[in-house]
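1. Provided below are the primary sequence and the corresponding predicted coordinates.
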Amino acid sequence: MQLAFGDLPLLDGASLSVQRGDKLGLIGRNGSGKSSLLKLIAGSIHADDGLIQREDGLYCVAVEQEPHLTERESLYLSLLARADLSASPEEPAAWQTLADIRAWLDRFGLDPDRPLQGLSGGERKRAALALAFALKPDLLLLDEPTNHLDLAAIRLLEESMERVSTSIVITHDRHFLDRVVNRIVELERGILRNYPGRFADYQRLRADQWAAEDQAQRRFDRFWAEEETWIRQGVEARRKRNQGRVRRLEALREAREARRQRVGQVKMRLDSGERSGKQVLECTSLSYRTPNGRVLVKSLDWVLMRGDRVALIGPNGIGKSTLIRLALGQLKPTEGQVKQGTQWQLAYFDQMREQLNEERSVAQTISPGSDWIDIAGKRMHVMSYLGDFLFSPRRAQSPVKTLSGGERNRLLLARLFARPANLLILDEPTNDLDLETLELLESSLQEYEGSVLLVSHDRAFMDAVATQTLVAQGEGLWREYPGGYSDWIDQGGEWLTESTKVAAKSSNASALPVSASVQATINNARRKLSYKEQRELDSMPERIEALELEQTKIQAAMSSSEYYRLGPEQMRQDKARVEQIDHELLALLERWEALQAIESR
């Protein structure tokens, strides 16, 4: 396929085959053309060249990054308009679809009769997802489905994806990729590359592929340089020139000119500024009640110390952003007080990007009235600084209103890090960031010497960055846990406590049922392991290792260039075995967790 917008093609001879049962994770840098590829597959746009073949009768449903809801009196009628169904259908299948839409709206915690006005971005996304699952498509296309969703809704989406046989998902959520896909497809420099397995397998295979590609390019460049030296030799050599060699050199020049380099890495420098006081923030008996009487914070005693990186966790609407505004002094508490520490230098990443002036240029946003900025005591030209965040000089002169969502996030990060700060407040900083930029942000925050207060629904990001979590327990109660998201889960967090279920219900998010193995652990919390269970527990590491080794061997064979010679039957058997191992590993790990929980009591 060929597709171009502007100078560089988004798709440059790209090929993709999707079979029934494939669950693809489509990844790539911001602006690489992922959303355009989904639109091509859905048929909403057409390629400049190439052919797209679809199975006869294929029913495809797409959920956009920012779903559009048709204006109607209620959410239910709006979805009916999107589904192209009348309010009183005559066909039995249509009646079933009507019932399914209501059932899925209820599953996603949405009132079908609610007016469209006032729906949040997360509620609109849940409504679009509910409709997509109710329509039972043969192929489901999702563009950044976890954006605007809280943890409860993301977990619900992960479970719901098991009901779909074939799907293509664009997402930067690494946990989500590991849960719902069986193949990673990367769009880079106009070409699609396939990597069997989960995201972790992709990272390993990509690193090997890049190393081999870099080596091949070094050999190419060395050979090209030798030929250029030859063509520039003296008069005697030119008289004996080999015309075939000259033509080969011309071909080398053309190939090198056409070669598209990998997009550069964002460079982030975090200046922690002056050292803050040891106690950065202290909340004493802090309470906040909204004008309509809802309690978001109740009797909170909490201290943020210098160097702490704290993640706020809870469903949408539970009060995370309110707690940040209380900490900043933007809201007056109903009761109690907030005491800010000494020598504050604050940088605030706003979820809604309200800090960006749409009419200003990118360069003016970073350094208004000057071509220079000071970074960590060094003077730097604004164009060089923006180049570190992958903004070309031409793009740096463009107004903010022309930027994509990912570019706006990069610009806000560039502005955030352009001044010294010993306290960073990050409200959903990972939305719209590509994976490479996200991983670099993680490593930069890990090395940052100041304090961080962040709101995020990206579980891998919280695991990588947070030293503590402050979790909404419902009814205004908050509790602090050491470590990141996974540490909180290990300590009985999320849907294992009634208080969190109440919190999720209060924000219209559907809480997921506890898995059978974990529920059995709760019910038998006070008993000890039997002799048989202890032997089962002791054998589990070896069983898990054997399964992982078998899976690795199969996947290595599947990625071999000679694999296609084995024929379609062997390919189907290997693919089925890899999926079976996934299920076996998941069951083993859940059982292991349950037995360990009993053993540790």
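-> That came through, no problem. Fair warning: this is a prediction, and the values are worked out from it, not measured in the lab.
2. run through the helices of the stretch 251-400 of the chain in chain order.
-> Ranges of helices in the stretch 251-400 of the chain, per DSSP state H, counting those that start in this stretch, are 320-328, 362-366, 382-388, 393-396.
3. of all those, which one is nearest residue 205?
-> helix 382-388 (28.4 Å; CB to CB). Yep, even glycine has a C-beta here, placed from its N, CA and C like the rest.
4. buried residues in that closest one?
-> For helix 382-388, the neighbour count (16 or more other CB atoms under 10 Å) marks 382-383, 385-388 as buried.
5. can you redo the helices of the stretch 251-400 of the chain as JSON lines with distance to residue 206 and mean pLDDT?
-> Output for those, formatted as JSON lines (distance: least, CB to CB, whole Å; pLDDT from 0 to 100):
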{"stretch": "helix 320-328", "distance to residue 206": "34", "mean pLDDT": "89"}
{"stretch": "helix 362-366", "distance to residue 206": "30", "mean pLDDT": "88"}
{"stretch": "helix 382-388", "distance to residue 206": "23", "mean pLDDT": "85"}
{"stretch": "helix 393-396", "distance to residue 206": "27", "mean pLDDT": "85"}
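6. residue 164: which of those helices is closest?
-> Of those, nearest to residue 164 by CB to CB is helix 320-328, at 30.5 Å.
7. and the closest one, what other elements does it pack with?
-> If you count contacts as 3 or more CB pairs under 8 Å, 6 or more residues apart in numbering; DSSP states H and E, helix 320-328 packs onto strand 279-289, strand 295-305, strand 309-313, strand 335-340, strand 423-427, strand 451-455.
8. can you list the low-confidence ranges for the stretch 401-550 of the chain?
-> 494-529, 531 (pLDDT under 70).
9. strands along that one, start to end?
-> Counting by DSSP state E, counting those that start in this stretch, one finds strands in the stretch 401-550 of the chain at the ranges 423-427, 451-455, 468-474, 477-482.
10. of those, which is nearest residue 36?
-> Closest approach to residue 36 among those is made by strand 423-427 (29.1 Å; CB to CB).
11. point out the other helices and strands that the closest one packs with.
-> Judged by 3+ CB pairs under 8 Å, 6+ apart, the packing partners of strand 423-427 are helix 320-328, strand 346-349, strand 451-455.
12. any idea how far that strand is from the chain center?
-> Its chain's average C-alpha position is 19 Å from that of strand 423-427, according to CA atoms, centre = their mean, to the nearest Å.
13. need the winner for burial among the helices and strands packed on strand 423-427.
-> Sort those by mean neighbour count, taking mean count of other CB atoms under 10 Å, and strand 451-455 sits at the top with a mean of 22.
14. may I have the strands that pair with that strand, each with its orientation?
-> Applying DSSP bridges, strand 451-455 is found paired with strand 309-313 (parallel), strand 423-427 (parallel).
15. could the ones you listed go into CSV alongside distance to residue 372?
-> Listed next are the strands paired with strand 451-455 as CSV, based on distance: least, CB to CB, whole Å:
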stretch, distance to residue 372
strand 309-313, 31
strand 423-427, 24
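16. of all these, which one is nearest residue 147?
-> Taking these one by one with CB to CB, strand 423-427 is closest: 13.7 Å.
17. that closest one vs strand 279-289, what angle?
-> Strand 423-427 runs at 40 degrees relative to strand 279-289, counting by axes from the mean of the first three to the mean of the last three CA atoms, to 10 degrees.
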